[in-house]
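J.: Pasting the sequence and the predicted coordinates here, then a few questions.
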Amino acid sequence: MKTITIWSILFLMLFLTSYSTAGDDWTQKSPSEKPSARSEHAMCYISSGKVLLFGGYNGSSYLQDTWVYDVSSNTWTQPSINTPPDARSETGMAHIGNNQALLFGGKNSYTKFGDTWLFSYNSSNNTGTWTLKIQAEGGDNHPYNRAGHAMAYAGNDDVILLGGVDYGGSKRNDTWHYDLTMNTWTYKTDASTTIYEHTMCYIGGTKVLWHGGATGDGSYGGTNIYDLGNNIWTLKTASDDLKLFESSSAYLGSDQILLFGGVATSGYNSNTTWIYDESENTWTQDNNSTAPSARAEAGMAPSTMNGAGYIVLFGGFTDSRSDETWTFGGGDYSLPVTLSDFSAKVVSSSVVLNWSTESEIENLGFILEKKSIEQSAWGKVADYLTDKALAGHGTTTEAHSYSYTDQSVQPGAIYTYLLSDVNYAGVEKKHTDKTATVTIPGNQPGIAEGFRLGNVYPNPFNATFTIPLKLGKSSPVKLTLCDLNGKVVKVISDGVKPAGEYRIAVDCRELSSGIYLIQSTIQESKKTMKVILIK
């Protein structure tokens, strides 16, 4: 009996240790101020560590209030704004780059909307501007008025819209692309079925994932991925898997998404948490002892677009409308360093670099690198092993600020800085989404009247690359992209450019994978550079 008792105790200790080590990913937050209870509202990423909420329905009224949630301070605030869109629910809203969000459609008691709005957010003073980009028009050049559709960020300044129910009550299966630079909607293709009250989110690159939703004939949408690069919807799992509508999803990073809640085939709300992995094409249930109660029509959004931050969930319909705030992350899905900003400025012939974190998980410290406009490789400036200023704070949910001064700079040079963090396991993560570029005052020989053509980056590239160019005087600049046979496939620049510094972005999403040549003629000087496109 004694032996059995001892083994029983050891087994129990091992079980409890394993259980406590796993940890829960869902955490209920208790902000002092928050939006009122609601469902059918829209949420999306808006700024590092922050998510945007608009509108919804509280059971008796349609809403038009705008809120921003800050993960690091656990605060909901109403930014100072101008006149917002009309009160509505079941609208589509998605991040569209540079602290901006795109909103389209929705409904109230009287109508379905077809207007397109842009929200621009200034995180430094918590102000925002709603701008009507396109009035409702519908037809060949614009989606019809609708509600119950879904929208998602697709990289760059692009957003994808799918499905919904139009003003006449017809279920839709049309896919549209919005380009912020051109301020245009373009019809792309039809999905395999009409779909509404589905969930859709970004899943990396130029891809979005749609899951679930009602088809109108009693069936459910499965898991489908659309790639803006090839304009194709691909069914990943059959429609009888995870039959849900009015669920919520968000990007987790590393080609994974989080899905929560919704209405199941039983007719009851679900409170299950699922993780989809695109590389494995698998759904895995994430079990937690603490999680939001069963609900549908909740809002959910990531607090970063690279998967390095918490997911935020608000509201939804349980037995009534909810005003709960929940975050996902930090348990089984532990979070790396969440970098909120990274800047560089010239002070007395040196470069002062400042950055801050919203949270850190097992952070040993930082590595700082730089390269000049002529260099293709990064060179180390300093790291946490040699400089205490770059030492991390281990594991913390509090915000921390850092600063470093680089005195090894040359007059007239243009430098780009890159920050990386290293965790306890020695894994280094480069924050390539937040580089900082500065120009040191003064001219290097040959620049005042000449030019400097830097190496393109990134190379290889997936969709776009950038050509750095500095002109000391107004000059004719001809840049063409050619295949290996010398055939011109894209004219990048062909004309006179004023003196100045340029970062020429080249979009190659319409081209096939392969090797291409950049041929340049500047001030009668000719040069050829090779770039590699990998999709």
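T.: The structure has been received and is ready for your questions.
J.: Any stretches of the stretch 351-500 of the chain with poor pLDDT?
T.: 397, 442-449 (pLDDT under 70).
J.: how about 80 then?
T.: Applying pLDDT under 80 to the stretch 351-500 of the chain flags residues 358-362, 373-376, 395-399, 412, 425, 427, 432-434, 442-450, 474.
J.: which residues does the nearest residue to I134 once chain neighbours are set aside contact?
T.: Nearest non-adjacent residue to I134, counting by CB to CB, 6 or more residues apart in numbering: T116, 4.1 Å away. Bear in mind the C-beta positions are built from the backbone N, C-alpha and C, glycine included. With contact taken as CB atoms under 8 Å, 6 or more residues apart in numbering, T116 is in contact with 102-104, 132-134, 178, 185.
J.: strand partners of the helix or strand hosting T116, parallel vs antiparallel please.
T.: Here T116, judged by DSSP states H and E, is contained in strand 112-122. In the sheet, strand 112-122 lines up against strand 100-107 (antiparallel), strand 127-134 (antiparallel) (DSSP bridges).
J.: Buried deepest among these, which one?
T.: Ranked by mean neighbour count, the strands paired with strand 112-122 are led by strand 100-107 with a mean of 27 (mean count of other CB atoms under 10 Å).
J.: what sits up against it?
T.: Under the criterion CB under 8 Å, 6+ apart, residues 42, 44, 46, 52, 54-55, 85, 88-96, 112-121, 133, 143, 145-147, 149, 151, 159, 161, 164, 178, 180 lie in contact with strand 100-107.
J.: hmm, 7 Å instead?
T.: Contact partners of strand 100-107, identified using CB atoms under 7 Å, 6 or more residues apart in numbering, comprise 42, 44, 46, 52, 54-55, 85, 88-96, 112-114, 116-120, 143, 145-147, 149, 151, 159, 161, 164, 178.
J.: are any of those buried, and which?
T.: 42, 44, 46, 52, 54-55, 85, 88-96, 112-114, 116-120, 143, 145-147, 149, 151, 159, 161, 164, 178 (16 or more other CB atoms under 10 Å).
J.: care to break this structure down by domain?
T.: According to automatic domain parsing, the chain is divided into the following domains: 37-328, 338-439, 451-533.
J.: Just say which of these is most tucked in.
T.: Ranked by average neighbour count under the criterion mean count of other CB under 10 Å, those are headed by domain 37-328 at a mean of 20.
J.: now that one: how far from the chain's centre is it?
T.: Relative to its parent chain, domain 37-328 has a centroid offset of 13 Å by CA atoms, centre = their mean, to the nearest Å.
J.: Quick check: end-to-end length of it?
T.: End-to-end distance for domain 37-328: 20 Å, by CA to CA, to the nearest Å.
J.: which residues in the stretch 201-350 of the chain form strands?
T.: Taking DSSP state E, counting those that start in this stretch, the strands of the stretch 201-350 of the chain run over residues 207-211, 223-227, 232-237, 248-253, 256-260, 273-277, 282-285, 299-302, 311-314, 325-328, 338-347, 350-372.
J.: mean pLDDT for those: which is lowest?
T.: Ranked by mean pLDDT, those end with strand 338-347 at the bottom, a mean of 85.
J.: That one versus strand 350-372: what angle between them?
T.: Relative orientation of strand 338-347 versus strand 350-372 (axes from the mean of the first three to the mean of the last three CA atoms, to 10 degrees): 110 degrees.
J.: which residue is nearest the centroid of the chain?
T.: The centroid of the chain falls nearest to M305 when counting by CA atoms, centre = their mean (2.6 Å).
J.: Please give me every residue in contact with that residue.
T.: 45, 95.
J.: gap between it and W76?
T.: Per CB to CB, to the nearest Å, M305 is found 21 Å from W76.
J.: what do you get for T127?
T.: Applying CB to CB to T127 and W76 gives a distance of 16 Å.
J.: Spatially nearest residue to H149, not counting backbone neighbours?
T.: Leaving aside its sequence neighbours, H149 sits nearest to G164 (CB to CB, 6+ apart; 2.9 Å).
J.: looking at it, that neighbour is touching Y196, isn't it?
T.: Yes. The pair G164 and Y196 passes the contact test of CB atoms under 7 Å, sitting 5.2 Å apart.
J.: Mind listing the shared neighbours of those two?
T.: 148-149.
J.: In the chain, what residue spans correspond to helices?
T.: Ranges of helices in the chain, per DSSP state H, are 2-22.
J.: Can I get stretch 96-106 in PDB, CA atoms only?
T.: Below are the C-alpha coordinates for stretch 96-106, written out as PDB (Å, rounded to 0.1, in the frame of the first residue of the first chain):
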ATOM      1  CA  ILE A  96      -5.400  48.700 -44.500                       C
ATOM      2  CA  GLY A  97      -1.900  49.800 -43.400                       C
ATOM      3  CA  ASN A  98      -0.400  52.900 -41.800                       C
ATOM      4  CA  ASN A  99      -2.800  53.100 -38.800                       C
ATOM      5  CA  GLN A 100      -5.800  53.000 -41.000                       C
ATOM      6  CA  ALA A 101      -9.000  50.900 -41.400                       C
ATOM      7  CA  LEU A 102     -11.400  50.500 -44.200                       C
ATOM      8  CA  LEU A 103     -15.200  50.100 -43.600                       C
ATOM      9  CA  PHE A 104     -17.800  49.100 -46.100                       C
ATOM     10  CA  GLY A 105     -21.600  48.500 -45.900                       C
ATOM     11  CA  GLY A 106     -23.700  47.200 -43.000                       C
END
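J.: tell me the average confidence for it?
T.: Per-residue scores along stretch 96-106 average to 95.
J.: sorry, back to before: state the distance from the residue nearest to I134 to N459.
T.: From T116 to N459 the distance is 35 Å (CB to CB).
J.: re the thing from before, would CSV of the strands paired with strand 112-122 with distance to L364 be doable?
T.: Converted to CSV, the strands paired with strand 112-122 look like this (distance: least, CB to CB, whole Å):
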stretch, distance to L364
strand 100-107, 35
strand 127-134, 37
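J.: Those strands: which one's closest to K535?
T.: Nearest to K535, of all these, is strand 100-107, at 25.1 Å by CB to CB.
J.: For P476, give me its contacts.
T.: Counting by CB under 7 Å, 6+ apart, P476 has contacts V496.
J.: For the residue nearest to I134, list each beta-bridge partner.
T.: Beta-bridge pairing of T116 under DSSP bridges involves F104, I134.
J.: how about low-confidence regions in the stretch 1-150 of the chain?
T.: In the prediction, the stretch 1-150 of the chain carries residues with pLDDT under 80 at positions 1-23, 137-140.
J.: Go again with 90.
T.: 1-24, 48-49, 71-73, 97-98, 123-124, 136-141 (pLDDT under 90).
J.: ok, back up a step: and which of the contacts of T116 is nearest to M529?
T.: Proximity of the contacts of T116 to M529 (CB to CB) peaks at Y178, which lies at 32.9 Å.
J.: Quick check: beta-bridge partners of that closest one?
T.: On the basis of DSSP bridges, Y178 is bridged to V159, W185.
J.: Excluding covalently adjacent residues, which one is nearest to S80?
T.: Closest residue to S80 apart from its sequence neighbours, by CB to CB, 6+ apart: T127 at 4.6 Å.
J.: residues contacting L368?
T.: Taking CB under 7 Å, 6+ apart as the criterion, L368 is in contact with 353, 381-383, 390, 404, 417, 419.
J.: redo that, cut-off 8 Å
T.: Per CB under 8 Å, 6+ apart, neighbours of L368: 353, 380-383, 390, 404, 406, 417-420.
J.: For it, give its distance to S376.
T.: Between L368 and S376 the computed distance is 18 Å (CB to CB).
J.: hang on, the earlier thing: the residue nearest to S80 pairs with what?
T.: S80, N122.
J.: hang on, it packs against I81?
T.: Yes. Counting by CB atoms under 8 Å, T127 touches I81, with 7.2 Å between them.
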